[in-house]
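Chemist: Build me a structure from this.
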Amino acid sequence: MACFFRRCVALQLAEVCGLSEDVFIPLISLTHSLLGSDSPVWGWRLAQVLDQCLEVSAGRGVIHFRLNRPILAQVNTHFPAALLYSYTARINISPNIAKKFHAGHLRSTIIGNFIANLKKALGNEVIRVNYLGDWGMQFGLLGAGFERSGSQEKLRTQPLEHLFEVYVQVNREAECDESVHSAAAEFFRRLERGEDQALALWRQFREITVDEYKRIYQRLGVHFDHYSGEAFHQHQTQNVLDELMTRGLLKTTEKGTAVVDLSGAGDLSSYATLVRSDGTSLYITRDVAAALDRKQRFGFDEMIYVTDKSQTVHFRQLFHILLAMGHQWAERCVHVAFGLVQGMSTRRGEVVFLEDVLEEARSRMLNNMRQSSTSKELEEPEQTAERVGISALIVQDFRGPLMSDYKFDWDKVLQAHGDTGVFLQYTHARLCRYTHLSGCDTGVLMVCRYDEVLLQSANELQPRHLVNFLLTLRYRHVSHTECFKLRVGGGYPACPQARLCLFSAVRSVLANGMRILGITPVEKM
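Modeler: Numbers count the residues shown, from 1 in each chain. As a prediction, this is how the structure comes out:
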């Protein structure tokens with residue numbers, strides 16, 4: 001076991017110093033002798049081997065190293081070059097149209113935005129696609145419901161609110177009236193046949209939804225390059241079924257459904273259903289068609305889907321089907337799953353829509369800022385409150401593993417101190433103030449571990465590494481008030497300038513890191 005640990009340590013030292021691990025193993029093996037009076041001798045010998053060390057001093061049982069800073073800078077500036085890739089990453093976020101943005105959609109939106117920002121920061125070309133759930137039997141139900149009780153006037157004044165009312169009402173009626181299901185099935189058949197009146201209503205619902213979503217996305221600082229949906233790929237599903245049939249992968253069950261065997265043993269102990277007994281396609285059929293179309297259209301090297309963890313099995317089946325069809329690029333398709341948020345509600349105590357959450361965050365933050373004795377006079381206090389409120393929501397969401405459920409608490413989220421987005425913004429604003437007062441122009445400065453943390457976040461597609469790094473950076477550099485006191489009298493004249501450069505470097509890293517997380521940094525609060 002000792003040999004194993006020695007080799008692990010040697011490998012890490014070798015990678016950092018650019019030397020062979022064989023140089024370090026004998027030194028590590030002799031650590032028992034460092035407990036005695038030979039420590040200075042071994043410290044000197046180690047310093048001779050490592051020209052990266054500027055100074056080595058021995059204490060009681062320990063050796064202290066002072067690294068050569070130019071060497072450290074070379075390591076840091078070399079690191080980003082190793083992070084540049086040429087592949088295209090695709091981000092998928094899939095709310096259903098004709099439904100108001102629910103608070104649960106916040107996670108998929110900010111997680112997808114983080115991954116896209118991170119990939120772009122590491123040199124990737126990123127194509128952001130919002131894949132809408134805009135087809136299926138639920139739209140037959142909505143269409144039938146709107147024809148029964150919908151209002152074009154309300155659709156103009158309160159579009160998504162009215163569609164949501166219609167959807168809730170028709171579902172309630174369907175529970176006790178079988179004719180509603182028949183009307184829904186008939187409306188969906190009209191859609192699939194391409195009937196003008198049904199398609200016109202569907203297009204109206206879709207346009208209203210996309211316009212409303214874009215408005216919400218703008219508040220969150222999120223954008224998409226393409227808006228796509230299931231309907232776009234509906235006509236391609238027959239080609240998918242034909243290819244599966246040709247390859248002998250599509251089987252018909254006794255119930256009349258068409259399935260793909262995923263068992264590996266050919267016994268249908270595990271399968272995915274692609275066609276219902278009535279001949280209509282399913283969500284996964286359209287997803288297969290969509291994946292094939294995206295590969296042909298964008299030529300991506302990696303495709304990333306962002307949805308809640310309830311769809312884990314669905315994407316496992318999707319990737320399995322694509323591989324069975326001979327598409328090896330499916331191995332580079334990734335599903336980033338996330339857990340549920342519990343307890344997100346307004347003061348009224350009801351489950352809320354996303355816009356209500358954003359309004360609540362802005363309102364609470366504005367109230368907190370007005371009550372704070374340290375708040376500055378702001379030109380646009382409501383805009384600052386919104387940005388700080390959104391950053392609080394994002395940091396709260398990103399602090400733990402994405403797969404974990406967590407309990408939402410407004411008071412904890414908007415705390416002015418602790419590991420919160422509010423305190424992160426406060427730190428950035430204070431650093432902005434001191435660097436602005438100094439007029440110090442430092443250029444681009446980096447904190448050494450920043451690139452390493454970005455790489456770790458990219459490899460695991462987890463934002464918590466970046467969040468924890470930024471919070472730690474904040475504590476180490478500006479957690480104490482005296483860190484902001486620039487003593488300009490006496491001592492070396494360069495000291496105040498050096499302190500300002502440090503503040504500017506920390507501020508730069510905080511700002512860049514927050515932008516990757518999807519947070520807009522504020523300069524005053």
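
Chemist: Below-threshold pLDDT in this protein: ranges please.
Modeler: Low-confidence segments of the chain (pLDDT under 70): 1-9, 12-13, 15-18, 25-95, 343-352, 373-378, 434-448, 476-499.

Chemist: All the strands of it, residue numbers only.
Modeler: Secondary structure of the chain (DSSP state E): strands at 53-58, 63-67, 88-93, 125-132, 226-229, 250-252, 258-261, 271-275, 302-308, 333-338, 341-342, 406-407.

Chemist: can I get these in TSV with mean neighbour count?
Modeler: To be clear about C-beta, it is placed using only N, CA and C from the backbone, and glycine gets the same treatment. Below are these laid out as TSV (neighbours: other C-beta atoms under 10 Å):
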stretch	mean neighbour count
strand 53-58	16
strand 63-67	14
strand 88-93	23
strand 125-132	20
strand 226-229	18
strand 250-252	15
strand 258-261	20
strand 271-275	19
strand 302-308	21
strand 333-338	19
strand 341-342	14
strand 406-407	12
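
Chemist: Put together a markdown table for those, with distance to residue 212 on each row.
Modeler: Shown next, in a markdown table, are the strands of the chain (distance: least, C-beta to C-beta, whole Å):
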| stretch | distance to residue 212 |
| --- | --- |
| strand 53-58 | 60 |
| strand 63-67 | 54 |
| strand 88-93 | 15 |
| strand 125-132 | 12 |
| strand 226-229 | 12 |
| strand 250-252 | 39 |
| strand 258-261 | 36 |
| strand 271-275 | 32 |
| strand 302-308 | 20 |
| strand 333-338 | 23 |
| strand 341-342 | 21 |
| strand 406-407 | 27 |
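
Chemist: Show me the one of those strands that comes nearest residue 393.
Modeler: Comparing those by their distance to residue 393 (C-beta to C-beta), the top pick is strand 341-342, with 9.9 Å.

Chemist: sorry, back to before: let me know which of the strands of the chain is the nearest to residue 107.
Modeler: For the strands of the chain, proximity to residue 107 was assessed by C-beta to C-beta; strand 333-338 is nearest, at 5.1 Å.

Chemist: and the closest one, what other elements does it pack with?
Modeler: helix 105-121, strand 302-308, helix 312-324 (3 or more C-beta pairs under 8 Å, 6 or more residues apart in numbering; DSSP states H and E).

Chemist: The same query, at a cut-off of 10 Å, please.
Modeler: strand 88-93, helix 105-121, helix 283-298, strand 302-308, helix 312-324 (3 or more C-beta pairs under 10 Å, 6 or more residues apart in numbering; DSSP states H and E).

Chemist: Can you say which of the ones you listed is nearest to residue 266?
Modeler: Taking C-beta to C-beta, helix 312-324 is the member of the helices and strands packed on strand 333-338 nearest to residue 266, at 12.1 Å.

Chemist: Show me how far the closest one is from its chain's centre.
Modeler: Chain-centre distance of helix 312-324: 22 Å, with C-alpha atoms, centre = their mean, to the nearest Å.

Chemist: cool, stretch 260-270 as well?
Modeler: 34 Å.

Chemist: Buried residues in it, which are they?
Modeler: By 16 or more other C-beta atoms under 10 Å, the buried positions in stretch 260-270 come out as 260-262.

Chemist: List the contacts of that stretch.
Modeler: With C-beta atoms under 10 Å, 6 or more residues apart in numbering as the test, stretch 260-270 has contacts from 244, 247, 249-251, 253, 259, 271-274, 284-285, 288, 316-317, 320-321, 324-325.

Chemist: switch to 8 Å and redo it
Modeler: Applying C-beta atoms under 8 Å, 6 or more residues apart in numbering, the external contacts of stretch 260-270 come out as 244, 249-251, 253, 259, 271-272, 274, 317, 320-321, 324.

Chemist: could those go into TSV alongside distance to residue 104?
Modeler: Output for those, formatted as TSV (distance: C-beta to C-beta, whole Å):
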residue	distance to residue 104
244	33
249	35
250	34
251	36
253	34
259	30
271	29
272	25
274	28
317	23
320	27
321	27
324	32
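
Chemist: Closest to residue 218 out of those residues?
Modeler: Distance ranking of those against residue 218, using C-beta to C-beta, places residue 317 first at 35.0 Å.

Chemist: Okay, and the beta partners of the residue lying closest to the closest one once chain neighbours are set aside?
Modeler: Counting by C-beta to C-beta, 6 or more residues apart in numbering, residue 317 lies nearest to residue 272, which is 4.2 Å off, once chain neighbours are set aside. For residue 272, the beta-bridge partners are residue 260 (DSSP bridges).

Chemist: roughly how far apart are residue 272 and residue 408?
Modeler: Separation of residue 272 from residue 408 (C-beta to C-beta, to the nearest Å) stands at 34 Å.

Chemist: try residue 385
Modeler: Separation of residue 385 from residue 408 (C-beta to C-beta) stands at 19 Å.

Chemist: what's the answer for residue 514, then?
Modeler: Distance of residue 514 to residue 408, computed by C-beta to C-beta: 21 Å.

Chemist: related to what we said a few turns ago, just the closest of the buried residues of stretch 260-270 to residue 525, please.
Modeler: residue 262 (53.0 Å).

Chemist: now that closest one: how far from residue 324?
Modeler: 8 Å.

Chemist: same deal with residue 353?
Modeler: 40 Å.

Chemist: out of these two, which sits in the busier spot?
Modeler: Taking other C-beta atoms under 10 Å, residue 353 and residue 324 do not tie; residue 353 has more neighbours (20 against 15).

Chemist: Give me the nearest residue to that one, chain neighbours excluded.
Modeler: residue 100 is the one closest to residue 353 (C-beta to C-beta, 6+ apart), at 4.9 Å.

Chemist: wait, what's in contact with the one you found?
Modeler: For residue 100, the contact set (C-beta under 8 Å, 6+ apart) comprises 160-161, 163-164, 212, 353-355.

Chemist: I only care about these that end up buried; give me the PyMOL line for that.
Modeler: Only the buried entries of the contacts of residue 100 go into this PyMOL selection, using 16+ other C-beta under 10 Å:
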select buried, resi 160+163+164+212+353+354+355
